[in-house]
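Peer 1: Sequence first, predicted coordinates after that:
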Amino acid sequence: MKGCINDKHKMTDIFLPRKCDYTDRIITTKDYSSVQISVCDVRPDGTIDLTKSNLITLCGYVRGTGQSDSALEKVLTEKKLI
């Protein structure tokens, strides 16, 4: 049996693949050009609220085709961050 096993002999290795927020493609472990951007909320006094952040994931295909700027803008608009 492959994977990580704890002291109680239960499998603990759980791999949850990420998906691109723009194309809904699964980001594989070999996609080295994918990015994950963390956008933090800003308090009224102008400081960053680190407890509330939004993750935006873009796959390497989107970045390779040069659509990352428009993809990021579309995802931010859909999540009502801009």
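Peer 2: Thanks, I have it.
Peer 1: Only the buried residues of the longest helix seen in the chain, if you could.
Peer 2: Ranked by residue count, the top helix of the chain under DSSP state H comes out as helix 68-78. Within helix 68-78, the residues that count as buried by 16 or more other Cβ atoms under 10 Å are 68, 71, 72, 75, 76. Heads up, the C-betas are built off the backbone N, CA and C, glycines and all.
Peer 1: for this protein, what spans make up the helices?
Peer 2: Assigned by DSSP H, the chain shows helices spanning 60-64, 68-78.
Peer 1: can you list the ones you listed in JSON lines and add distance to residue 53 and mean pLDDT?
Peer 2: Below are the helices of the chain laid out as JSON lines (distance: least, Cβ to Cβ, whole Å; pLDDT from 0 to 100):
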{"stretch": "helix 60-64", "distance to residue 53": "21", "mean pLDDT": "95"}
{"stretch": "helix 68-78", "distance to residue 53": "13", "mean pLDDT": "95"}
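Peer 1: Could you export these as CSV, including distance to residue 17?
Peer 2: Shown next, in CSV, are these (distance: least, Cβ to Cβ, whole Å):
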stretch, distance to residue 17
helix 60-64, 14
helix 68-78, 18
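Peer 1: Quick one: closest of these to residue 51.
Peer 2: Nearest to residue 51 among these is helix 68-78 (19.8 Å), distances taken as Cβ to Cβ.
Peer 1: Does anything pack onto that closest one? Which helices or strands?
Peer 2: With contacts defined as 3 or more Cβ pairs under 8 Å, 6 or more residues apart in numbering; DSSP states H and E, helix 68-78 has these neighbours: strand 35-42, strand 48-58.
Peer 1: let's see 10 Å
Peer 2: Applying 3 or more Cβ pairs under 10 Å, 6 or more residues apart in numbering; DSSP states H and E, one finds that helix 68-78 contacts strand 35-42, strand 48-58, helix 60-64.
Peer 1: What are the contacting residues of that helix?
Peer 2: Helix 68-78 has contacts (Cβ atoms under 10 Å, 6 or more residues apart in numbering) with 20-23, 33, 35, 37, 39, 54, 56-60, 62-63, 65, 67, 81-82.
Peer 1: could you give the angle of it to strand 35-42?
Peer 2: 40 degrees (axes from the mean of the first three to the mean of the last three Cα atoms, to 10 degrees).
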